[in-house]
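**Student:** Below: sequence and its predicted model.
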Amino acid sequence: MLLIFIFVLGACIGSFLNVCICRIPAGESIVFPRSRCKCGAQIPWHLNIPLLSWLFLGGKAQCCGRGIPARYFIVEFLTATLFVVVFARSNSLPNFIIGSGFCSLLLAIAFIDMDTMEIYDAMSVGGMFVGFVISLLFPQWHDEQSGISSLVKSLSGACLGSGLIFWVAVMGEMVFKKEAIGGGDVKLLGTIGAFIGWKGCLFSLFGGCLISTLIFLPSLLIWKLIKTKTFTIPRIIPFAPVLVIGSITHVLCGRNLLEMLF
Ligand SMILES: [Zn+2]
């Protein structure tokens, strides 16, 4: 029963993330106005229920028959699933709230980066300061006894995270003769460090690259087999999703993975 409640809660947050993903790059308010279809019609509440409405409508708007991208459903389903898994792995309510909030922020950043190749400072730098405050107030998030040692973990994570990826970016530029990793990614790994410390940063960067390669290489090959003629490898690839995949994996099972390896 409780898990169903957590799933529904996650789906609702996912629905809010969809609003953020659409409206933040457009510079619109994420609170007002109420959701509208692209044709301008206001969406009634009973057609705006997370997950269910999309399934019920078969991915088509009722007002004008326009297609509703499957991504709305995917974001809601991903968020709901993440909430359940984070809940199952959390040992306290504050840790669940912090973990699921952190994952939600990362999801929004990843999808916005895929759409626009931008990471907004309000989310990355803003998130980093939230990470510092949370570390100070809730030391149990970092498995620490005192707020100060927890804050030190958070600060060192932010410094190492952005420092590390900065030097990776410098080397990437030397090798590829063009900007390989943007400033947004540097700030984002700082945010990740503020939440999960320097070990989490290392995991997010290298683990994220490894997992993404394992996921994307086979899909690229399959894609290539299906669409031989139209296929082109994108020249620039958003990097935030890679870091996000790594750090969400770390939140969910990083500690166990690290213990298994070392
Ligand atoms: Zn419409």
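**Tutor:** Received the coordinates, thanks. Keep in mind the model is a prediction, meaning the values are calculated, not measured.
**Student:** Tell me if I'm right that F111 and I24 touch.
**Tutor:** No - taking contacts as C-beta atoms under 8 Å, F111 lies outside contact range of I24: 10.2 Å. For the C-beta atoms, the positions are set from N, CA and C on the backbone; glycine is no exception.
**Student:** how many other residues sit next to the closest residue to A240 other than its chain neighbours?
**Tutor:** With sequence-adjacent residues excluded and distances taken as C-beta to C-beta, 6 or more residues apart in numbering, A240 is closest to D113, at 3.7 Å. Neighbourhood size, D113 [other C-beta atoms under 10 Å]: 24.
**Student:** Repeat that for T249.
**Tutor:** When neighbours are defined as other C-beta under 10 Å, T249 has 17 of them.
**Student:** list the contacts for it?
**Tutor:** F203, G207, G208, I211, L257 (C-beta atoms under 8 Å, 6 or more residues apart in numbering).
**Student:** try 7 Å this time
**Tutor:** For T249, the contacting residues are G207, I211, by C-beta atoms under 7 Å, 6 or more residues apart in numbering.
**Student:** how does the protein divide up, domain by domain?
**Tutor:** 1-89, 109-262 (automatic domain parsing).
**Student:** Nearest to the ion, out of the ones you listed?
**Tutor:** Proximity to the ion, assessed across the domains of the chain by C-beta to the ion, is greatest for domain 1-89 (3.2 Å).
**Student:** From one end of the closest one to the other, what's the distance?
**Tutor:** Chord length of domain 1-89, first to last residue, is 17 Å (C-alpha to C-alpha, to the nearest Å).
**Student:** Let me know the pLDDT of the closest residue to D121 other than its chain neighbours.
**Tutor:** In this structure, D121 finds its nearest non-sequential neighbour in K187, 6.8 Å apart by C-beta to C-beta, 6+ apart. The per-residue pLDDT reported for K187 equals 93.
**Student:** which element is K187 on?
**Tutor:** When elements are defined using DSSP states H and E, K187 is found to belong to helix 183-202.
**Student:** which other residues reach that helix?
**Tutor:** With C-beta under 7 Å, 6+ apart as the test, helix 183-202 has contacts from 102, 109, 118-119, 121, 124-125, 127-128, 131-132, 142, 153-154, 156-158, 160-162, 164-166, 169, 204-205, 239-240, 243, 247, 250-251, 254, 258.
**Student:** So among the residues you listed, which ones count as buried?
**Tutor:** The neighbour-count criterion (16 or more other C-beta atoms under 10 Å) marks 102, 109, 119, 124-125, 127-128, 131-132, 142, 153-154, 157-158, 160-162, 164-166, 169, 204-205, 239-240, 243, 247, 250-251, 254 among the contacts of helix 183-202 as buried.
**Student:** Pull out the buried positions in stretch 211-218.
**Tutor:** Neighbour counts over stretch 211-218 (16+ other C-beta under 10 Å) mark S212 as buried.
**Student:** Name the SS class of I112, please.
**Tutor:** I112 carries the three-state label helix when classified by DSSP: H, G, I helix; E, B strand; the rest coil.
**Student:** Give me the distance between it and M174.
**Tutor:** According to C-beta to C-beta, to the nearest Å, I112 stands 29 Å off from M174.
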